[in-house]
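Here's a sequence, model it:
(chains A, B and C)
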Amino acid sequence: MLELKDVHTYYGNIHALKGISLNVQKGEIVTLIGSNGAGKTTTLRTIQGLIHARHGSITLEGEELTKIPAHQVTMRGVSQSPEGRLIFPRMTVLENLEMGAFTRKDKDGIKSDLERVFTVFPRLKERIKQTGGTLSGGEQQMLAIGRALMANPRVLLLDEPSMGLAPILVEQIFNIIGELNKQGTTILLVEQNARMALSIAHRGYVLQTGTIRLQGSATNLQEDDEVRKTYLGEH
Amino acid sequence: MEKYRTAITIGLVGAAITLLFGGWSMILVGTVVGAITGLNYGQHSAKRGALDKAREVLLPALIGNIIMGLGGTLYTFVVVPLTGKSLNYDQPLKLGTGRVPLDSIAVFIIGLAAGIAIGVAVAALIAYLQGLPENVRRVAFIASLIVFLFGLPFFDQVTGLDWIAAIITIQIFILLALGLNIVVGYAGLLDLGYAAFFAIGAYTTGLLSSPQIDIYWNFWLVIWVAAAMAAFAGLVLGAPTLPLRGDYLAIVTLGFGEIIPVVFRNLISVKLVEPFTRICFVGCDPKVDVVRWCIYACQGALDLTAGEKGINPIGRPMIPFTDELLFSSRSYLPWYFLVFGLIVLSIFFIRRLRNSRIGRAWMAIREDELAASQMGIDPVKTKLLAFSMGATFSGFAGAFYGSYISAIFPSVFDFSVSVIILCMVILGGLGNMVGVIIGGILIMGTDRLFLPQIATLLKDFMRHSVLGNVSNPVLKDFLEISVDPNQMRLAIFGLVLVIMMVVRPEGLVPSEERRAELHEGEEEHGDAATEAAA
Amino acid sequence: MQLVRRFLPLVIGIYLLLFFGPLAGFDFFRIVGEIYNKPSLLLQQLINGLANGSIVAIVALGYTLVYGIIELVNFAHGDVFMLGAFMALTVIGATGVTETSTASEKLTAALLAGAAAIIFCGVINVIIERFAYRRLRNAPRLAPLISAIGVSFIVQNIGLFWGGLRSFFPIMGVNSAAPKAFPDLIGRVDVFKDWFGLDLPITLSTKELMVIVVAAALMVGLRLLVQYTKIGKAMRATAENRDAAKIMGIDIDRVISFTFLLGGALAGAAGLMFGLYNNTVVFTMGFTGGLRAFTSAVLGGIGNITGAMFGGILIGLLAAFSDQYFSSRWTNAWVFAILVTVMVFRPTGLMGENVGQKA
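Numbering: from 1, shown residues only, chains lettered A, B, ... in the order given. Okay, the predicted model is just below:
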């Protein structure tokens, strides 16, 4: 469904992505793991159109996403919970969620999706009138994911949802992500917490200094020696 | 064709000037065109030997100078008749007390031939010099520069070109631009109120050598006092900006740049009285004193700055053993050499500064203040030094200006002056002295020579050729009063700023690093350069 | 001892202000005396200040909107305000309506002038953003500021040129640089006296009423737009976090263009109001007006819409006070002094600034 072919991205003269090729099938959770600086967030930013690939192609069900501006990528059906959550601090929870549905025109669909988000994240419904900046880290993460869901995307990109959260919250969030996928959402998940990521993903890619080092099913990766040593902390 | 692009460009710029001034200007412009062409081709030439370089530049120089000459030709045969002058009007040479009568056709022929010939010769000479060993080259280059700058005023006088007054003004502003370059170019502090220091220099001079408060000090002393006052003002006005980031800093400096002239404009009734001895709130007549402890100007309020009327006359420099009236409004030459000397001294001094520790500290602050402070550079001291050093030079300029014009008015020091000086620095290239000087010549030259000449020619053209043929009175009125290049100067300076920022922010004569760092951000879409890779 | 150290600078500052103040017209004791002797004069000046302050507030909104969304001090904004006044003057001149025309004619002329000024200034602002600022969005911070200064000069020159077009617009008068008379279409009807039959020492005229009512309406309208409409929310989102807004599917370029359109329209309206209230316009009014408006925006907290409104009114009151009790020659300097003081000692303004991060 979402396909990257030999994508090269640069920051000025720094070659951040050196020929990334990956794909996400409909209904899958695919995870992109790797250490800091490997290029995971850069990949998501490139897909979203916040930064443009210099070479290579990105397609969504055959449609070219490579050179189009970010807001059009969203309109084509890619939404994201970005690194750092980036919620709107002075807008209320409700307004944040409404912003997620910015590109949509179907009032009824938006309304039912809003209900759905509140069902998945009941905490958000409690804080519906609070401004984003006053929420805790975990609540902000929920808001970020909820907001991305409001776009009713074809592919949902999640950038480090576990960052800065207490372990119990991390488990909660990942359970929810797994649930969402079971309900039919296609997800590309970027994570530093490889263990959690591989536990809910179908397939994975290991990214290191801008290139794909390993790929395969989640189970295979979990059993791979190098992955175990480097990313899972096992010997 | 590609190879000659520079020569053609320079030739075209020269042609623009000769198109407006014709005749003798071709010799002057030809010299400059030749020099720049020689410098450019000499430096970039693949050939090593001096003679080879000279030989190589001959053709481009010829092309450039012919183009320049075309401008003069158009002037003589198109512009002159269109503006109603006779083709044979008299343009005599003024040699001492004698005159050599020449008609304009003769001047044209001499100017064209000499202009092209001298231009090519100068180009060959400069290119030749580029091929010589380093130290010989530097000496020869400076020598030729000095010959040129000494010869310029005499040429100007003899040919009746009369650019000297404008040239002196250009020089004053070059001095100002060099000073601003320290603040904006080296230290990276956008100062929008630089004219305030100019005003302080000028008013200090005015107060210390005029009838305003009856003090008449020697100019050579006053110029130093003025510079010191300006430096002090730099400290005082720079201090509040220390904690501010870029755009706020700029606006605060703008604020001070506006407050200072208002102060000067309004200090016409100065009297200092201790406030608490005057306590009487209720039922008092403010004109009748209760108890007053007067500090200053007790006999009557002092008119310190004469407000709008300005301070005049202001004393002149005097050199012992020479005629007391050497520096008078009779002759421009002494002033020209004085300001020229000031510029030379300033360049020398600023170069020393730039290559010293403080100069490097300024560059470090400009690039990254936080990193610099972590390496032991005190940002407070460094910034304050930048402000006060920069202000010092405008103090010199202000002193010279006051004495030269012999009168100063507060309206001379308004915001547009600060912006014009900023224009020069940006056009030339931030932090680059040669660039700043070129920027100064271009901007001020346009303002004081180019534009007025276009205005005059256009007016004559209108009066002679156009207005007679226009019947519509509305259109006629419009053409007569609204088409005035002199009134376009604000737009021209504005356009320079906008175009430079959008197209070429590193300036005309940039250093390579600046060009790279300024264009880097254009590679990606979005704020990519600041975003960390995951 | 600690108390002394904390308050000593303040005490010294106040003493110096009282000592050197009279030089700037700030003769504390004289001023107190004047106020005591004629309090109605102060009130009258404050009413006048409220009206002019409302106009300043409208212009300040433009500054604050733009700064909130792209962190740029749009130097040229004040000059667009001036263009609005000139456009209004031109339209009124073209209609031929004067002080002696009928009320409905005057109203029509004013409305036409207003529409023209609003549309013209909005479009001009969008054009300015497109050509002078858009490409510099990722450049070092000072580049768009310098470009803005350039635009300000260009626009001032347009005003100067426009003011000299007496051949086409006789209402411009004889001299391009001189102030031009703006027809007094509203007239000074004393509201207290003629409408309410009150005999008070102060006057509230229909002019002040018009300005205050229209300004209030514009401010309320803007508030509603920003708070409740889709485009308003998009503006807020873009201001708070540009990358997140992009991810939401918001077209940043269009939102920014719209912000400039809005700011320009407000400046145009303010230009008309200024002309109708003060009955004089000059091509340099953009600089003074812009300075006061920008100070208001900073005073209230840059990026903060409510702050800009209150800041504008405050500055208007202060300027009126200064004009009356110090001398109008010093007012600009005092406004600048306030600007510098706020920027140095309380850069977030009185009501807190409202600027987001970019990513």
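
now the strands for chain A?
With strands called from DSSP state E, chain A shows them at A:2-11, A:14-24, A:29-33, A:55-60, A:63-64, A:78-81, A:155-159, A:186-191, A:203-208, A:211-217.

What are the boundaries of the helices in chain A?
Applying DSSP state H to chain A gives helices spanning A:40-48, A:70-76, A:93-100, A:107-120, A:122-126, A:137-149, A:167-182, A:194-200, A:218-223, A:225-230.

who in chain A is up against chain C?
A:48-50, A:69-71, A:74-75, A:79-80, A:82, A:86-91, A:95, A:98-100, A:102-103, A:147-148, A:151 (C-beta under 8 Å from any C-beta of the partner chain). Quick note: C-beta positions are derived from backbone N, CA and C, even for glycine.

Output the below-cut-off pLDDT ranges for chain A.
Judged by pLDDT under 70, chain A has its weakly predicted residues at A:234-235.

repeat that for 50
Chain A contains no residues with pLDDT under 50.

which SS class is the residue in the stretch 1-150 of chain C that chain B sits nearest to?
At 2.9 Å from chain B, residue C:150 is the closest residue in the stretch 1-150 of chain C, using C-beta to the nearest C-beta. With DSSP: H, G, I helix; E, B strand; the rest coil as the basis, residue C:150 sits in helix.

Contacts only, for the closest residue in space to it that isn't next to it in sequence.
With C-beta to C-beta, 6 or more residues apart in numbering or on different chains as the criterion, residue C:150 has its nearest non-adjacent residue at 2.9 Å, and that residue is residue B:497. The contact partners of residue B:497, by C-beta atoms under 8 Å, 6 or more residues apart in numbering or on different chains, come to B:419, B:422-423, B:426, C:146-147, C:149-150, C:153.

need the residues of chain A near chain B, please.
Residues of chain A lying close to chain B by C-beta under 8 Å from any C-beta are A:10-14, A:16, A:36-45, A:49-52, A:69-70, A:83, A:159-160, A:190.

List buried residues within the residues you listed.
A:10-12, A:16, A:38-45, A:49-52, A:69-70, A:83, A:159-160, A:190 (16 or more other C-beta atoms under 10 Å in any protein chain shown).

Retrieve the pLDDT associated with the residue nearest to residue C:150.
pLDDT for residue B:497: 93.

Need the winner for burial among the helices of chain A.
Most buried of the helices of chain A by mean neighbour count (mean count of other C-beta atoms under 10 Å in any protein chain shown) is helix A:40-48; its value is a mean of 27.

could you give the mean pLDDT of stretch B:196-207?
92.

Please apply the same query to stretch C:80-89.
Confidence for stretch C:80-89, expressed as mean pLDDT, is 95.

Briefly note if it comes near chain B.
No - using C-beta under 8 Å from any C-beta, stretch C:80-89 stays clear of chain B, coming no nearer than 12.8 Å.

who touches that stretch?
Applying C-beta under 8 Å, 6+ apart, the set of residues contacting stretch C:80-89 is C:59, C:62, C:113-114, C:116-118, C:120-121, C:124-125, C:128, C:155-156, C:158-159, C:162-163, C:171-172, C:180, C:182, C:264, C:267-272, C:274-276, C:281, C:283-286, C:289-290, C:293.

Out of these, list just those in strands.
Those of those lying in strands (DSSP E): C:180, C:281.

where exactly do the strands run in chain B?
Under DSSP E, chain B gives strands at B:93-95, B:98-100, B:209-210, B:215-216, B:272-273, B:294-296.

what's around the residue nearest to residue B:207 when sequence neighbours are not counted, how many residues?
Of all residues not flanking residue B:207 in the chain, residue B:213 sits nearest, at 5.9 Å (C-beta to C-beta, 6+ apart). Residue B:213: 13 surrounding residues under other C-beta atoms under 10 Å in any protein chain shown.

which ones are touching the residue lying closest to residue B:375 once chain neighbours are set aside?
The shortest distance from residue B:375 to any residue other than its chain neighbours is 7.1 Å, reached at residue B:364 (C-beta to C-beta, 6+ apart). Shown in contact with residue B:364 (C-beta under 8 Å, 6+ apart): B:371-372, B:375, B:377.

so can I have TSV of the contacts of residue B:497 showing neighbour count?
Formatted as TSV, these follow (neighbours: other C-beta atoms under 10 Å in any protein chain shown):
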residue	neighbour count
B:419	24
B:422	26
B:423	29
B:426	27
C:146	25
C:147	28
C:149	27
C:150	29
C:153	28
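
For residue 121, which non-adjacent residue is spatially closest?
With no chain named, the answer covers chain A. Leaving aside its sequence neighbours, residue A:121 sits nearest to residue A:142 (C-beta to C-beta, 6+ apart; 4.4 Å).

Let me rephrase: I mean chain C.
In space, residue C:121 is closest to residue C:268, 3.2 Å off (C-beta to C-beta, 6+ apart).

For that neighbour, list the residues it contacts.
Each residue near residue C:268 by C-beta under 8 Å, 6+ apart is listed here: C:80-81, C:83-84, C:87-88, C:114, C:117-122.

how close does the residue nearest to residue B:375 sit to residue B:357?
Distance of residue B:364 to residue B:357, given as C-beta to C-beta, to the nearest Å: 10 Å.

shared neighbours, the two?
With C-beta under 8 Å, 6+ apart, residue B:364 and residue B:357 have no common neighbours.

Find the centremost residue of chain A, please.
Relative to the mean C-alpha position of chain A, the nearest C-alpha, by C-alpha atoms, centre = their mean, is the one of residue A:158, at 1.5 Å.

Beta-bridge partners for that one, please?
Residues in a beta bridge with residue A:158, per DSSP bridges, are residue A:81, residue A:189.

can you tell me how far it sits from chain C?
Remark: distance between residue A:158 and chain C (C-beta to the nearest C-beta, to the nearest Å) = 12 Å.

Domain parsing of chain B, as residue ranges.
Per the record, chain B has its domains at B:2-161, B:168-268+B:303-517, B:269-302, by automatic domain parsing.

any idea which of those scores lowest on pLDDT?
Among these, domain B:269-302 carries the lowest mean pLDDT, at a mean of 62.

Residue A:116 is nearest to which of the domains of chain B?
domain B:168-268+B:303-517 (44.1 Å; C-beta to C-beta).

Quick one: distance of that closest one to the chain centre.
7 Å (C-alpha atoms, centre = their mean, to the nearest Å).
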